[in-house]
Structures are given as C-alpha cells and as structure tokens.
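> My questions concern the predicted model and sequence given below.
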Amino acid sequence: MKSILCIVLFILSFLPFLWDCAIKQPPPGGPEDKKPPEMLYSIPNADSTNVKDLSFIELKFDESVDKASFNKQVWIIPEPEQGFELDWTGGKTLRIRLLDSLEENQTYIITIGTGVKDMRGNALEEPIVIPFSTGTKIDRGEIIGKVYDRSPEGVYVYAYELTDTFSVQTIFKGKPRYYTQLSKTGDFKLGFLRPGNYRVFVLDDANRDNKYTLQTDRIGIPSEDVWLDSLVHKQRKLNYTMMVEDTTPPQYSMLDTLHQAGLRVRFTEPLLKNQIFDIEIRDSLSDEKLSVLATVVDEDNPESIIIFTERQQTVKYVVQIASVQDTAGSYKLDEDVHFSFWGASQPDTTTPHLIKLSPLNGAQNVKYDADVQIEFNIPVDTLSLIDEFQLIDEDSTEVEGQWNFESVMKPKFAPDTLLPKNRKFFITLNLQEVHTVFNQSFGDSIYRSEFISVDWSNLGEISGFVRSNNPIYKNSLIRASQIRGGNDYSLQANLNKEYLMPFVFEGVYRVQAGIDINENGKLDKGSSIPFRFSEPFIVLPDTVKVRKRWTTQGINFSF
C-alpha cells in the first residue's frame with residue numbers, strides 16, 4: 001500500500017510540468033495560408049530570344065493551383081491564329097500547347113491573369129508576364145498607367161496600333177494584339193511593345209466577348225495617343241477614370257395618377273435632376289389647357305418625374321413632354337413623348353410641412369461658403385419663400401444672396417459673399433406665410449435657428465503650381481478631397497501661375513489636378529463615338545497634410 005501511494009505521489013509531482021508543456025504547443029494546422037501561388041520556372045525562360053520550333057510553353061508553380069481558375073486567364077500576346085490548349089501534369093505544372101507556328105522576329109508575351117488562384121482561393125495580386133522572342137531581340141516598348149476605380153479587378157487594358165486599318169469602330173470589333181489586366185490597385189504595365197503609335201483604352205468587358213459594347217461595358221478613354229520608338233520606348237503614367245457611355249435617350253415607360261393634383265411619369269432610366277421640363281397637358285375633347293404648377297425628379301425613384309397640376313377633372317387628358325434628359329445628358333430632339341390619362345378623383349390629403357433646413361440649428365464651424373438649403377414635402381411658391389426668409393448676422397445686418405430654384409422642393413440660398421469668420425447667424429422663416437404651389441401654408445409658426453461660422457484662423461491653405469508647355473492648355477482644375485471628414489474643395493487656376501486654395505479644414509487630403517481644355521468647368525471623360533480624348537489629370541501619389549493657420553506649399557503638378 002505504501003509503495004502504491006509513493007507511485008501516485010510521484011506521478012502527481014510531474015503533472016504541472018506535463019500541463020505546462022501541453023499548453024505551450026502551437027495550435028494544429030499552422031497559420032492560415034494567404035499567399036498566392038508563385039511561378040517557379042517557365043519554358044522558354046523570360047527574355048529568351050531566337051526561340052524556334054516551339055510546340056508548347058511550360059509553367060510550374062510552387063503549390064497546387066485551381067485548374068478551373070485558369071479558364072480565360074491565360075493569354076499569348078499576340079495571339080496565335082489557331083490558338084492553344086491547356087494540358088496539366090499534376091496540380092502544379094501547366095503546358096500551353098500551341099496549335100500553329102509563331103511569327104518570325106516577333107516578341108511574344110505570356111500573361112497569366114489575376115483570376116488565377118491556389119486551392120485555398122488566394123488569387124494572384126498582379127498578372128504573371130513572361131516575354132520571349134522568335135527573333136534576335138525583345139521589343140522593349142512600355143506603357144505604364146493607373147485606373148482610379150473602386151473595382152479594378154478583371155478590367156482589361158487594350159493597346160491598339162494606329163495603323164492604316166484602325167478606325168474608331170475597331171474597339172467594337174475585337175481586342176488588339178496587345179492587352180493586359182489591371183492589378184488590384186488599378187495599376188497596369190503593358191510591356192514588350194514594338195515601336196509604333198498606340199491608342200490605349202481601359203475596358204471592363206461585362207459579357208467577356210473581347211470587344212466594347214456600348215451601354216453595357218465600362219470604358220476608360222485615353223487623354224492622348226502614345227508614340228514609341230528607339231528614342232522614346234517608355235510612356236509613363238497614363239491616368240484613367242471609367243464610365244458607362246449612355247448614347248440613347250430615356251424612353252417613356254408608364255404613368256401613375258397620385259391624386260387630383262399630381263401624377264408620376266416613369267422612364268426607362270434615371271433622369272437628370274436639375275433640368276427644366278417642357279410639359280403640356282390638355283383636355284382631349286375641349287383642348288383646354290391644364291396648368292402645370294411644378295415638376296420635380298422623384299428622389300426615391302430617380303427614373304420618374306412628379307408633375308404637380310391644378311385640380312384635374314375626371315376627363316381624358318393628353319400629355320406632351322419634350323427633351324427629357326437622363327443623367328448622361330441624352331435626350332430626344334425629333335420626337336416628343338405623347339401619352340394620355342384620365343384625371344383622378346381622389347383629393348390630395350398631404351399636409352404641407354418643412355422637412356429640413358441646414359445649417360442645422362446650433363451648428364458650429366459652418367463653412368465660410370455654405371448655402372442655406374431648405375427641403376419641403378410639397379413644391380414651394382418661390383415668391384412667398386423669398387419674401388418670408390431672412391438670414392441675419394449677429395449685428396442684425398441682413399445677408400444678401402441669390403436663390404437657386406432648380407428644385408422647388410429643395411431650394412438653396414447662396415450668400416453673395418463669404419461668411420465672416422467665427423460669427424453667429426440667425427435664420428427666420430415665417431411658415432404661415434410661405435405657401436405651396438397650391439396656395440397652402442407650410443405651418444402656423446415662425447421657424448428660427450442659429451449657427452456659428454468657422455473661425456478662419458482654424459483653417460489652412462494649399463498652394464503650388466500647375467505647369468505645362470502645351471500651348472492648347474490654358475486652365476486647370478484642382479481638387480482636394482479629405483481622406484476622413486468628407487470635406488471637398490475645388491479651384492480653377494491658370495497654368496504656370498501659383499494657385500492658392502484657401503480656407504481648408506485641418507486634415508489629410510488626396511489632391512489632384514486636371515486640364516480643362518474646353519473650359520466648361522469640369523474634367524470630361526471623352527467619348528468613343530464620335531471619338532474625343534478625355535481631359536488629362538494627375539493624382540498626387542502622396543497625401544497632403546493641412547494644418548490650421550498654415551499654408552501647405554509646393555503641391556505641384558506637371559503636364
């Protein structure tokens with residue numbers, strides 16, 4: 001018995017040591033694999049020359065890969081006329097079997113796209129590119145750029161040679177000899193190009209048919225063509241933004257009668273909010289005109305407009321609407337919209353009221369160039385609003401300004417001058433005397449609020465130069481967007497003269513500049529048909545820090 005007790009005590013004395021060893025062991029399985037596959041070697045090797053009688057290309061990876069992910073992610077550029085097939089040896093070795101011979105004295109580029117993944121779903125961060133030549137040298141032409149877009153994955157870069165066979169229709173017919181994909185950051189490098197003149201497009205090919213489809217695919221239009229020769233064999237930093245080109249006008253879809261004084265007209269696509277609608281409504285029998293009191297684009301359904309009319313009768317009306325613009329500015333020139341409806345019998349029971357007025361009551365650090373924005377639930381009678389609105393400073397001096405009634409449900413008042421720094425302002429609005437377009441009062445009280453303008457001494461400035469020797473460039477547009485905080489500033493400035501962007505809130509900003517060639521106050525993205533270059537822009541690679549009471553200098557751009 002005594003010997004058994006000794007054995008038990010001996011075992012118990014080692015338990016802390018055993019437990020300590022157990023808890024120090026790493027968890028089973030090791031760390032999660034988040035590394036994309038890497039290529040170990042290729043046949044032929046990168047930069048090989050005088051490659052003759054090639055029947056296949058072989059690539060080996062450091063781990064097993066998802067074979068299905070290689071579908072439409074393997075390219076040989078320029079493409080062999082008869083194409084190629086993919087063969088596998090195990091899970092790591094790929095053979096690209098050529099179905100016809102390669103051209104003589106031609107640089108080829110094997111590209112493996114960013115859609116390729118390993119067995120854990122880790123995708124390539126940028127394409128794998130392997131150049132080789134069937135001649136004595138490898139072409140070294142190179143085009144480098146960046147696309148500023150939130151979804152760059154899978155987007156292509158197409159470089160078309162501007163030969164005798166090129167036309168503006170070429171991009172609609174198929175992909176060019178040279179192309180690549182964007183990296184996850186939107187950067188691209190299109191290399192190993194032969195000397196020549198190129199037009200480079202960026203294409204998000206939605207249906208993967210290797211050509212541009214209007215109104216379906218997103219496209220980036222270049223700001224210039226690229227010339228590559230023995231002296232200039234690299235073109236750097238072509239910058240792009242993307243868009244969907246909308247070349248068709250909105251089409252009438254249907255009509256809903258809301259009440260005796262309102263109807264909603266639906267179209268096939270979202271409409272431009274700030275447009276003047278040319279609408280005529282008449283009694284189909286008597287031809288008597290039904291007055292249109294107001295028209296607004298529906299905030300909740302932007303493809304619709306709400307038409308406010310005088311009280312309708314229960315008769316059939318015919319409607320004519322001219323030149324309806326969508327958000328791209330497309331509209332009908334030769335054909336108006338025609339339809340008919342029966343006047344509604346149900347009355348409008350909506351109670352008019354003020355939804356929102358900003359700056360909000362009690363707001364502080366209100367921007368020096370802030371507008372007063374008012375939102376009603378029913379279109380306002382503009383004259384009554386002008387008469388019953390006041391913006392007064394702390395010295396009881398009325399602030400003069402201009403009204404913007406592009407939306408009669410969301411009018412804006414812009415002061416004629418910048419708001420003085422660190423001062424209190426008062427807004428009064430006599431709602432009892434402010435009326436709807438139906439002559440209804442918006443309330444039985446006087447709305448009052450106050451706010452304080454920002455202290456200019458708490459603001460900073462940005463200065464620098466936008467330089468260019470191009471004689472057709474005259475004006476630049478500079479924009480500073482706060483990384484966190486939502487403040488956004490823009491400035492028009494003359495080229496080759498110092499600019500100053502004042503009254504900037506403290507913070508970190510992304511700053512860009514562009515050339516407003518047509519001087520319309522915005523950077524145009526160009527078009528495919530008729531072809532128009534986009535207007536060039538540059539985004540600084542580094543952020544800009546703005547401090548209060550300080551001018552951040554040397555924020556320069558060169559075009």
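Perfect, I can see it now.
> Please, which helix or strand holds the nearest residue to Thr111 once chain neighbours are set aside?
Nearest non-adjacent residue to Thr111, counting by CB to CB, 6 or more residues apart in numbering: Trp75, 4.5 Å away. For every residue, glycine as well, the C-beta is placed using N, CA and C. Secondary structure from DSSP states H and E places Trp75 in strand 74-77.
> Please identify the pairing partners of that strand and their relative orientation?
Using DSSP bridges, the strands paired with strand 74-77 in its sheet are strand 107-112 (antiparallel).
> pLDDT below threshold where in the chain?
Where the chain drops to pLDDT under 70, the residues are 1-31, 332-334.
> How about the residue nearest in space to the middle of it: what's its closest non-neighbour residue?
Taking CA atoms, centre = their mean, the centroid of the chain lies closest to Asp149, which sits 5.9 Å from it. Nearest residue to Asp149, sequence neighbours excluded (CB to CB, 6+ apart): Met242, at 5.1 Å.
> wait, that neighbour sits on Ile221?
No. Contact criterion CB atoms under 8 Å: Met242 and Ile221 do not qualify, at 9.2 Å.
> is Ala414 in a bridge, and if so with what?
Gln402.
> That one: neighbour count?
13 (other CB atoms under 10 Å).
> show me what contacts it?
With contact set as CB atoms under 8 Å, 6 or more residues apart in numbering, Ala414 has these partners: Asp371, Val372, Gly401, Gln402, Trp403, Asn404.
> ok, of those residues, which come out buried?
Asp371, Val372, Gly401 (16 or more other CB atoms under 10 Å).
> now the last one, nearest residue through space, not along the chain?
Spelled out, it's Gly401. Nearest in space to Gly401, with sequence neighbours left out and distances taken as CB to CB, 6+ apart, is Pro415 at 4.3 Å.
> for that neighbour, what are its contacts?
So Pro415 contacts Asp371, Leu391, Val399, Glu400, Gly401 (CB under 8 Å, 6+ apart).
> Now do the end-to-end distance for stretch 246-259.
End-to-end distance for stretch 246-259, by CA to CA, to the nearest Å: 34 Å.
> So which bits of that stretch are buried?
By neighbour count on 16+ other CB under 10 Å, the buried set for stretch 246-259 is Asp246, Pro249, Pro250, Tyr252, Thr257, His259.
> just checking, the residue nearest to Thr111 touches Gly115?
No. With contact defined as CB under 8 Å, Trp75 does not reach Gly115; the gap is 11.5 Å.
> Please enumerate the helices of the protein.
With DSSP state H as the criterion, the chain has helices at 2-23, 382-388.
> Residues contacting the last one, please?
Right, the one you point to is helix 382-388. Ile374, Trp403, Phe405, Val408, Pro411, Leu429, Asn430, Leu431, Glu433, Val434, His435.
> so can I have JSON lines of these showing distance to Lys421?
JSON lines is the format used below for those (distance: CB to CB, whole Å):
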{"residue": "Ile374", "distance to Lys421": "25"}
{"residue": "Trp403", "distance to Lys421": "25"}
{"residue": "Phe405", "distance to Lys421": "29"}
{"residue": "Val408", "distance to Lys421": "33"}
{"residue": "Pro411", "distance to Lys421": "26"}
{"residue": "Leu429", "distance to Lys421": "25"}
{"residue": "Asn430", "distance to Lys421": "29"}
{"residue": "Leu431", "distance to Lys421": "31"}
{"residue": "Glu433", "distance to Lys421": "33"}
{"residue": "Val434", "distance to Lys421": "31"}
{"residue": "His435", "distance to Lys421": "36"}
